[in-house]
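Asker: Generate a structure from the sequence data that follows.
(one chain, ligands or ions: 2)
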Amino acid sequence: MEEPLNLDNLLPSFKHPIVQELSMLFERAGKKFYLVGGTVRDALLGKFHEDLDFTTDAIPDEIIAIVKAWADNLWLIGIRFGTVGLSKGHLKIEITTLRSEVYADQTRHPQVSFETDIYYDLSRRDFTVNAMALELPEGRLIDPFNGQEDLIHRVLRTPMSPEQSFTDDPLRMMRAVRFVSTMGMHLSPEVEEAITLYRGELARVSSERIRDEFSKILTGRDPVKALRLLLSTSLSSEFVPELSNLKITQDPEHHHKDVLEHTFTVVERVEPDLVLRLAALFHDIGKPETKEIIEGKVTFYNHDAVGASIAKRRLRALKYPGAIIDGVTGLIYLHMRVYTYRMGWTDKAVRRYIKDAGELRDKLNELIRADCTTKNPRKMRDALQVFDELEERILSLEEAEETAKIRAPIDGHEIMQYLGIKPGPLVGEILNLLLDAKLEGEINTKEEAYAMVDRWAGERGIKP
Ligand code: ATP
Ligand code: MG
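Answerer: Ligands and ions are numbered 1, 2, ... in the order given. You can find the predicted model right below:
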């Protein structure tokens, strides 16, 4: 992919009527005005953003004075860092005062001082491909670090030395890996070496910022290339140390080189949905801990449950929201269940599966199919047949009854009133029994349910 970039691609960005109007406002005010950073990079690649970043030598108060009457909306939350946000039509625009970021050692937040030199501003950016500016209104490309050429060769290089850059802001190491996954980039040898050397600096970055980059890495177009890089540089050991354990767990039964290679295949096969990609990445994370040789055979008994709890711990540490954690751990917990189907599932077992999988069912289906990486065509055919059979059975069961609506015929309040007991574990116990009986088809009506409560209370010595 070494085609020259088409500079005409920049035209839509600065010939856009809204951008033209805005540039003229700054020109009239006698201020410099540039399109900058990722928006220039993407414009060169032919992608027009509706989120545009600009920089100017006007200070924030001046920016506000210039755009106030013209903008549809103004946001001033970034003002402390010199950024004024606004919207105009369908465009979202951020204008930041040219700045040099002075880092005191070991502090996380740069002190902002205002700087009038665009070259200096560009030199503080993460990668040369992100360190280009387009001077407006005339549209002159400013590219002091050969970002264009690096973009042609798809290589990530830092404007300053990578050592300086990554110790100033260690998140840039994650951003590098992110661009590998999302943009088909590769690292320059110096950048790769610096990540290996300075990976420990990532400890200074908040979990939330690491998490956001990790999510982008996993949902990018080449997550496996990025994951290999995270492992080869050991950057992964700073925020997902469990991953490297997968490398050493041989799984000869399944003809995979190791669990890690198998994991990569599964990650690649599932669609770029965050819950699915995280579940794919962690689905066998319980294997190293559960590996046992029983009668000469390698087994990973319980690796689904163990894996779910390892993943839960890790995702919590990375501050993922509860809904994501529940989805991912649910999928991991359930990813082996289907393998007992051949042993014969009753309708009740199928209904349990439906209930347990709940809203995750489609994702679970995708995960278990992706997980089937056997090279043996017969085994593959057998497995796929089981998945199909189960899906068919689920559909016919669901048609026959609206499973999602299944409830015990009486609820907890009715039980407490009937037995004259207070809320507590006993109510839960009898509700579970009733639901089980309902799933089995043993009870349907309230009368049958109360009869069952009577029998249960009798055995417990509770008097209704
Ligand atoms: P995307 O918008 O697709 O996430 P981007 O490259 O536009 O990618 P942003 O986070 O929007 O990334 O940042 C805009 C620009 O700001 C970048 O292109 C880069 O020039 C600069 N930048 C962002 N984060 C950093 C950082 N941590 N260190 C240095 N420069 C950065
Ligand atoms: Mg951006």
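Asker: Look at the closest residue to Arg351 other than its chain neighbours and say how many residues are nearby.
Answerer: Leaving aside its sequence neighbours, Arg351 sits nearest to Leu439 (CB to CB, 6 or more residues apart in numbering; 5.3 Å). All C-beta atoms are positioned from the backbone trio N, CA, C, and that covers glycine. Using other CB atoms under 10 Å, Leu439 has 20 other residues around it.
Asker: got the contact list for Leu439?
Answerer: Counting by CB atoms under 8 Å, 6 or more residues apart in numbering, Leu439 touches 348, 351-352, 406.
Asker: Tell me the buried residues in stretch 72-86?
Answerer: Using 16 or more other CB atoms under 10 Å as the test for burial, stretch 72-86 gives 82-86.
Asker: Could you export those residues to TSV, including columns for secondary structure, distance to Glu295 and pLDDT?
Answerer: Below are the buried residues of stretch 72-86 laid out as TSV (DSSP: H, G, I helix; E, B strand; the rest coil; distance: CB to CB, whole Å; pLDDT from 0 to 100):
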residue	secondary structure	distance to Glu295	pLDDT
Gly82	coil	68	91
Thr83	strand	65	95
Val84	strand	70	97
Gly85	strand	65	98
Leu86	strand	70	98
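Asker: need the longest helix for this structure.
Answerer: Longest helix of the chain, by residue count under DSSP state H: helix 377-400.
Asker: name the helices or strands packed onto it?
Answerer: In terms of contacts (3 or more CB pairs under 8 Å, 6 or more residues apart in numbering; DSSP states H and E), helix 377-400 is packed against helix 347-357, helix 361-370.
Asker: circling back to that earlier point, of all pairs in the buried residues of stretch 72-86, which one is the farthest apart?
Answerer: Largest separation among the buried residues of stretch 72-86 by CB to CB: Gly82 and Leu86, giving 14.3 Å.
Asker: which secondary element of this structure has the worst mean pLDDT?
Answerer: In the chain, the helix or strand scored least confidently by mean pLDDT, DSSP states H and E is strand 99-102, which has a mean of 54.
Asker: Quick one: name the residues of the chain near ligand 1.
Answerer: Listed as neighbours of ligand 1 in the chain under the rule CB under 6 Å from any ligand atom: 37-38, 53, 125-126, 130, 169, 171-172, 175.
Asker: List the contacts of the residue nearest the centre of the chain.
Answerer: The centre of the chain sits closest to Ser215, judged by CA atoms, centre = their mean, with a distance of 2.8 Å. By CB under 8 Å, 6+ apart, the residues touching Ser215 are Leu274.
Asker: tally of neighbours for the residue of the stretch 351-464 of the chain found nearest ligand 1?
Answerer: Residue of the stretch 351-464 of the chain nearest ligand 1, by CB to the nearest ligand atom: Lys363 (25.5 Å). Lys363 has 21 neighbours, counted by other CB under 10 Å.
Asker: quick one, strands of the stretch 201-350 of the chain?
Answerer: 292-294, 297-299 (DSSP state E, counting those that start in this stretch).
Asker: Give me the sheet partners of the first one and which way each runs.
Answerer: Going back to what we said before, that points to strand 292-294. Strand 292-294 has the following sheet partners, assigned by DSSP bridges: strand 297-299 (antiparallel).
Asker: Quick one: residues contacting the closest residue to Leu260 other than its chain neighbours.
Answerer: Nearest non-adjacent residue to Leu260, counting by CB to CB, 6+ apart: Leu246, 4.0 Å away. Taking CB under 8 Å, 6+ apart, we find Leu246 in contact with 258-260, 263, 284-285, 287-288.
Asker: Farthest pair within those residues?
Answerer: Those two in the contacts of Leu246 that are separated most widely, counting by CB to CB, are Asp258 and Ile285, at 13.4 Å.
Asker: Counting neighbours, go ahead and name the busier of the two.
Answerer: Ile285 (24 against 15).
Asker: quick one: pLDDT of the more buried one?
Answerer: Note for Ile285: predicted pLDDT of 96.
Asker: residues contacting it?
Answerer: Contacts for Ile285 (CB under 8 Å, 6+ apart) come out as 242-243, 245-246, 307, 310-311, 332.
Asker: Any of these buried? List them.
Answerer: Using 16+ other CB under 10 Å as the burial test, the contacts of Ile285 include 242-243, 246, 307, 310-311, 332 as buried.
Asker: How about stretch 298-312, which residues are buried there?
Answerer: For stretch 298-312, a neighbour-count test (16+ other CB under 10 Å) marks 300, 303-304, 306-308, 310-312 as buried.
Asker: which of those lies closest to Glu391?
Answerer: Asp304 (20.0 Å).
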